[in-house]
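Participant: next one to model:
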Amino acid sequence: MNEGKDNIIVRKSYEFALSIVALYKQLVEKKEYVLSKQILRSGTSIGANIHEAVSGESKRDFIHKLGIAVKEARETSYWLRLLKDSDFLPADDFHKLNNTCDELTRILNSIILTTKERYFPNS
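Facilitator: Residues are numbered from 1 along each chain as shown. A predicted model of the protein is given here:
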């Protein structure tokens with residue numbers, strides 16, 4: 001997997017992390033510290049795990065690290081819903097961020113499935 005700007009999952013996860021950092025800053029201004037730390041941790045961890053996967057020691061390690069990125073994306077989606085439902089995140093912002101998070105999850109799942117089929121067809 002190429003980790004350059006032409007790699008769509010690397011680029012999209014980095015852009016998403018930047019959006020999460022911006023959300024974090026807004027939440028801190030509102031003195032919402034607990035939820036802001038949760039969303040910052042999980043939302044930026046997606047891209048970090050993708051970058052780790054690129055340097056994976058093996059295809060199994062690659063798949064494992066992308067699986068962790070999927071879990072972080074699902075957790076991020078949870079925190080986004082909680083922020084919206086507790087009136088810390090406007091619905092429009094929620095939909096934009098959550099749609100991107102869902103897109104990352106779909107792309108990651110597709111990469112994992114394709115890698116498994118290509119390198120581990122009988123498992």
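Participant: how near is the residue nearest the centre of the chain to Lys71?
Facilitator: When the chain is reduced to its mean C-alpha position, the nearest residue by Cα atoms, centre = their mean turns out to be Ile46, at 3.4 Å. Applying Cβ to Cβ, to the nearest Å, the value for Ile46 to Lys71 is 9 Å. (Each C-beta comes from the backbone N, C-alpha and C, glycine too.)
Participant: and what of Asn49?
Facilitator: Distance, Asn49 to Lys71, using Cβ to Cβ: 9 Å.
Participant: pick out whichever of these two has more residues nearby.
Facilitator: Asn49 (22 against 15; other Cβ atoms under 10 Å).
Participant: longest helix of the protein?
Facilitator: helix 91-119 (DSSP state H).
Participant: report the distance from that helix to the chain centre.
Facilitator: Relative to its parent chain, helix 91-119 has a centroid offset of 8 Å by Cα atoms, centre = their mean, to the nearest Å.
Participant: elements contacting that helix?
Facilitator: Helix 91-119 sits against helix 8-29, helix 33-54, helix 59-85, with contacts defined as 3 or more Cβ pairs under 8 Å, 6 or more residues apart in numbering; DSSP states H and E.
Participant: let's have those helices in CSV, adding mean pLDDT and distance to Asp102.
Facilitator: Converted to CSV, the helices and strands packed on helix 91-119 look like this (pLDDT from 0 to 100; distance: least, Cβ to Cβ, whole Å):
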stretch, mean pLDDT, distance to Asp102
helix 8-29, 98, 11
helix 33-54, 97, 12
helix 59-85, 98, 7
